[in-house]
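Student: When you get a sec, could you give me coordinates for this:
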Amino acid sequence: MPVLSIRRTLPILIVTPILVTIVLSGFLSYVNSRKAVETLALKISQGTTDSIKEYLRAVMDKPQSALKASTAALNPDQFQTPDAIIQRLWDVTNQPNLVDNLYVGQSNGHFLGIFPWSDGSPSLEIRSEETAPQLTVYRLNGAGEPTDLLETRIYDPRERPWYQAALALEPGQTGWSEVYPYAATAELGITAIAPLYDQNRSLYAVFAIDVSLSDIQGFLQTLDISPAGEAFVMDRDGQIIATSTEQSTALETGDDPERVLALELDNPNHANLMSQLQAHLEGDWSNAETAEYFPLMVDGVKQFVGIVPFQDEQGLDWLMVVAIPETDFQDIILANTRSTVLIGSIIAVFAIALGLVVARWLVVPIERLNNAALSIENNTFQSFTLDAIAKRQDELGTLSQVFQRMGQVIMSSQASLREQMDELEAEMAKAKRHDSLKPGALNLGTVEGLLARSRQHRATIRQNQDIDLPSLLKTVPYFHYVGRAEIETLIAMGDRQTLPAKTIIFREDEPGDSFFVILSGAVEIYVEALDKFLTTLSPGSFFGELSLLLGIPRTATVRTTQETTLFCLSQAGLRYLLQQHPDIGEQIAQALHTHKAELESRQDLLMTDANDAANFTANPLTWIRGRMNRIFGSSSTQPSS
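Tutor: Here you go, the predicted model:
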């Protein structure tokens, strides 16, 4: 089998594009899914930073607003009556959804403050000239009046970071302290501060409100970012303010806790993320001046990162960072790819199966036609090998029918050529044996005669090939209504014969069982008993059709007048056709019935007795059907319904 045979190539051409399409679809689905995930992750990152920003804005604005309300219209004389200051503190902290603590430290060391106690109830902290250096803590009732003593401790407000930060502020200005541990709980926090100056621009008091970092961390931990997505808030020095992880924002290293650096987070992945992010900012957190959202490779995993500054009018300057690993969406990517590949594979299986069926439907007849061509070349062609393909109603069926006709013509021509060559060889041998044929006696005239006969034979072959045998058979009245496909089958059942001149084809009174069409040459028809010449038939004429169809004896003798090629159809061939297509028998019977006059002229040959003649006269069509049934079988003709 050739390497590039149709049997191999056609299935490959069908299967390969389908498989390539499935692979490309899966690949493109994976790539597009990753792009879609990147877009989604960056949107989630942006949405998360927006949420954090809104929360921080709300949380950090409240204490600043409360400070402005608390310090309005205050003067140093009012601090001479502590109860008035305490009432002011109580009124502010008792407002819902504002602040839960407010305190004031004076330059003389006095301190007044309201804070939530560990059980959530309000408490009052006082440091006065009488209690110094002690600070006393009392529980407050619903009216803001002190009741139970809760605690005493050493405390000087002037030494605290919030008071020290207020010294750097101008009159009428509010601000923030640095992050520091609270005195009572050692919890990290930041304090909103508002210094008060007298007419001499001397600081006499500082109002303050604490904001615990744990509150910010609690909010971050409630964010639904992604399964492994995290959020961080830090200052410009790279120190953690809060995270959405369980990471503590302070390290217990001694009396005072130390803050955690972003580059020293407990989780190595988070520490590496911050390291890569700092490298992206060229090693300086201060370079993050605007919001950025971008993918960042960390330890071989793509992270979708958002870094956004948070600033306020009081000088707060933090960074919000959100990181979402691509692996959080890997299941979505793989599920989408699997779905695409699965659906594509199912379609591919059906497409490949259908393609292979179609390929076989095309390849098998082509192989048979190829084998037929080889058999024609090897002079072993048999037309029935293409019968199954010739029945197809497509181009391959038409091509098979052409192959059958072509093969029969070529085989007939080759057989005739062999006969001619045999005759020539016989004549040559005869001439050599003749006494007059001496060495050198094979002269130019003899050769020219042989060449002339060869040219005549080739011309006869071309003439045979030019005859449209199907159209010719359609001119026979009894085959006029037979379809083209059945005519082709009829031709396939017949054969071609080349006869020399003066050859008797059949004699009068012989049994008739075949029908002839003249393809080339000529025949003469005469009655031997009367020694009477009737006619001469040329190419395209036919004879013997009634003997074939009704089995009557020959009524005349037929003889070739020159070398003649005939198409011959026998009763056996017609019988096969009628058994395969019973309706054709009825068509022929109807055609015979239309030529009833011709049949009546031959009653002596057709009718076996008087009863047979009476049946013919009573119903000619029924008689014709019966006659054909006896000759070709009971299924050859059926009355039309």
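
Student: Centre of the chain to the stretch of helix or strand Glu524 belongs to, how far?
Tutor: Secondary structure from DSSP states H and E places Glu524 in strand 523-527. In terms of Cα atoms, centre = their mean, to the nearest Å, the centre of strand 523-527 is found 74 Å from the chain centre.

Student: Check stretch 208-224 too.
Tutor: In terms of Cα atoms, centre = their mean, the centre of stretch 208-224 is found 50 Å from the chain centre.

Student: If we go by neighbour counts, what in it is buried?
Tutor: Going by neighbour count (16 or more other Cβ atoms under 10 Å), the buried part of stretch 208-224 is 208-213, 216-217, 219-220, 223. The way it works is simple: take the backbone N, C-alpha and C, and place the C-beta from them, glycine included.

Student: next one: stretch 191-203
Tutor: In stretch 191-203, counting by 16+ other Cβ under 10 Å, buried: 191-196, 203.

Student: the helices in the stretch 501-641 of the chain, which residues?
Tutor: 545-550, 571-580, 582-594, 596-600, 603-606, 610-618, 620-632 (DSSP state H, counting those that start in this stretch).

Student: for these, which one ends up most surrounded?
Tutor: For those, average neighbour numbers computed from mean count of other Cβ atoms under 10 Å are highest in helix 545-550, which has a mean of 21.

Student: For it, the averaged confidence score.
Tutor: Rounded to a whole number, the mean pLDDT of helix 545-550 is 80.

Student: So which of the buried residues of stretch 191-203 belong to strands?
Tutor: With strands defined by DSSP state E, the entries of the buried residues of stretch 191-203 inside them are 191-196, 203.

Student: of the residues you listed, closest to Asp317?
Tutor: Of all these, Ala192 has the smallest distance to Asp317: 14.9 Å, by Cβ to Cβ.

Student: Measure how buried the spatially closest residue to the closest one that is not a sequence neighbour is and give me the count.
Tutor: Leaving out its chain neighbours, the residue that sits closest to Ala192 by Cβ to Cβ, 6 or more residues apart in numbering is Pro63, at 3.7 Å. Taking other Cβ atoms under 10 Å as the neighbour definition, Pro63 ends up with a count of 27.

Student: quick check, distance from the helix or strand Pro63 falls within to the centre of its chain.
Tutor: Applying DSSP H and E as the criterion places Pro63 in helix 6-71. Relative to the centre of its chain, helix 6-71 is centred 23 Å away, using Cα atoms, centre = their mean.

Student: Same question for stretch 181-193.
Tutor: Computed by Cα atoms, centre = their mean, the separation of stretch 181-193 from the middle of its chain amounts to 62 Å.

Student: Need phi/psi at the closest residue to Pro500 other than its chain neighbours.
Tutor: Here the nearest residue to Pro500 in space, its sequence neighbours aside, is Glu563; by Cβ to Cβ, 6+ apart that works out to 5.5 Å. Recorded main-chain torsions at Glu563 are phi -60, psi 130, according to degrees, to the nearest 10.

Student: Restrict stretch 514-525 to CA atoms and write it as PDB.
Tutor: The C-alpha trace of stretch 514-525 is given here as PDB (Å, rounded to 0.1, in the frame of the first residue of the first chain):
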ATOM      1  CA  SER A 514     -30.300 -13.300 -27.500                       C
ATOM      2  CA  PHE A 515     -30.500  -9.700 -28.800                       C
ATOM      3  CA  PHE A 516     -27.900  -7.800 -30.800                       C
ATOM      4  CA  VAL A 517     -26.900  -4.200 -31.400                       C
ATOM      5  CA  ILE A 518     -24.400  -3.400 -34.200                       C
ATOM      6  CA  LEU A 519     -21.500  -1.300 -32.900                       C
ATOM      7  CA  SER A 520     -19.400  -1.300 -36.100                       C
ATOM      8  CA  GLY A 521     -19.500  -3.100 -39.400                       C
ATOM      9  CA  ALA A 522     -22.600  -4.400 -41.100                       C
ATOM     10  CA  VAL A 523     -24.900  -7.500 -41.400                       C
ATOM     11  CA  GLU A 524     -27.200  -8.800 -44.100                       C
ATOM     12  CA  ILE A 525     -30.500 -10.500 -43.400                       C
END
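
Student: Quick check: the gap between Ala291 and Trp176.
Tutor: As defined by Cβ to Cβ, to the nearest Å, Ala291 lies at a distance of 22 Å from Trp176.

Student: List the buried residues for stretch 81-94?
Tutor: Taking 16+ other Cβ under 10 Å as the criterion, stretch 81-94 shows 85-86, 88-90, 92-93 as buried.

Student: An error on my part: the question was meant for stretch 481-494.
Tutor: Of the residues in stretch 481-494, those buried under the neighbour-count criterion (16+ other Cβ under 10 Å) are 482, 485-494.

Student: likewise stretch 224-233?
Tutor: By 16+ other Cβ under 10 Å, the buried positions in stretch 224-233 come out as 225-226, 229-233.

Student: quick one: contacts of that stretch?
Tutor: 41, 44, 48-49, 52, 56, 216, 220, 223, 240-245, 262, 270, 274, 310, 318-325, 327-329 (Cβ atoms under 8 Å, 6 or more residues apart in numbering).

Student: Leu19: neighbouring residues, count only.
Tutor: Counted by other Cβ under 10 Å, the residues lying close to Leu19 total 14.

Student: distance of it from Ser70?
Tutor: Note on Leu19: its distance to Ser70, by Cβ to Cβ, is 77 Å.

Student: Same question for Phe27.
Tutor: Distance, Phe27 to Ser70, using Cβ to Cβ: 65 Å.

Student: okay, the two: which has more neighbours?
Tutor: Neighbours of Phe27 and Ser70, each counted by other Cβ under 10 Å, are more numerous for Ser70; the result is 22 against 13.

Student: Please verify my assumption that that one contacts Leu89.
Tutor: Yes. Between Ser70 and Leu89 there is a contact at 7.5 Å, judged by Cβ atoms under 8 Å.
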